[in-house]
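1. 3D model of this:
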Amino acid sequence: MRVVILGSGRGTNAAAILEAQVAARLGRARVVQILSDRPDAGILALGPRFGVPAAFIDPAPFKTKLEGEGETRFIAAITRCAPDLVVLAGFMRVLKPGFLHAFAGKIINLHPSLLPSFPGLDAIGQAWRRGVKITGCTVHYVTAEVDGGPIIDQAVVRIVPAETLESLTAKVHAAEHELLPAVIAQLGA
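-> Residues are numbered from 1 along each chain as shown. Got it, this is the predicted structure:
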């Protein structure tokens, strides 16, 4: 199973996927490309470290969505990889119908809450401020509804009485680093 990872930031979830690949825990899945919408994103440094091609794709003209010329560039770059799976690992753009249609049924996303609770931005902060006792992370298929696609799997994180936002964030990220590679391995089985 050929996997393309899209990310906008440091790349900690992509690193977890690539480390699982090195440790032979991804089953038949193989990361063939890393792409970012930010030229300075840390995720791009993972390519040389793990022997996977990594590239910046200009997302212009929009700042928060992938549409128009930027969408066309991303679709072309991903299509050249002939992916079986496109993994959004901290990709901070809303995908539009053209992209969703190009890779229908092949796009998954990792979200830092137990969806359908706390969709959108700052999900960990939302859960912490709301005072819930359990949160976690979700891997789901991507649809036109932001964070609303069919859920593939979830990992639970308990919030303890003395929890800080920082400690909760660390716990959710640790759960993400286990869940996402496990789901990719499951889908590639």
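2. Check the gap between the closest residue to residue 187 other than its chain neighbours and residue 65 for me.
-> If the residues on either side of it in the chain are set aside, residue 187 comes closest to residue 85, at 6.3 Å by C-beta to C-beta, 6 or more residues apart in numbering. Quick note: C-beta positions are derived from backbone N, CA and C, even for glycine. To residue 65, residue 85 is 22 Å away according to C-beta to C-beta, to the nearest Å.
3. what's the answer for residue 123, then?
-> According to C-beta to C-beta, residue 123 and residue 65 sit 19 Å apart.
4. Longest helix of this protein, counting residues only.
-> helix 165-187 (DSSP state H).
5. Neighbour count for residue 123 and residue 65, which is higher?
-> Per other C-beta atoms under 10 Å, whichever of residue 123 and residue 65 has more neighbours is residue 123, with 21 against 15.
6. The closest residue to that one other than its chain neighbours: how many residues sit nearby?
-> Once its chain neighbours are removed from consideration, residue 123 has its nearest residue in residue 113; the separation is 3.9 Å (C-beta to C-beta, 6+ apart). As a burial measure, residue 113 scores 23 neighbours (other C-beta under 10 Å).
7. Let me see the contact set for residue 113.
-> Residue 113 is in contact with 119, 123, 124, 126, 127, 135, 136, 137, 138, counting by C-beta atoms under 8 Å, 6 or more residues apart in numbering.
8. What lies in contact with the helix or strand encompassing the third one?
-> When elements are defined using DSSP states H and E, residue 124 is found to belong to helix 123-130. Outside helix 123-130, the residues that touch it by C-beta under 8 Å, 6+ apart are 111, 112, 113, 117, 118, 135, 159, 163, 165, 168, 169, 172.
9. Let's see the ChimeraX selection covering just the buried ones among the residues you listed.
-> To isolate the buried ones among the contacts of helix 123-130 in ChimeraX, judged by 16 or more other C-beta atoms under 10 Å, type:
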select :111,112,113,117,118,135,159,163,168,172
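10. Report the two of the contacts of helix 123-130 separated the most.
-> The distance between the two most remote of those (C-beta to C-beta) is 19.6 Å, for 111 and 163.
11. is it true that residue 46 touches residue 54?
-> Yes - with the criterion set as C-beta atoms under 8 Å, residue 46 and residue 54 qualify as a contacting pair; they are 6.5 Å apart.
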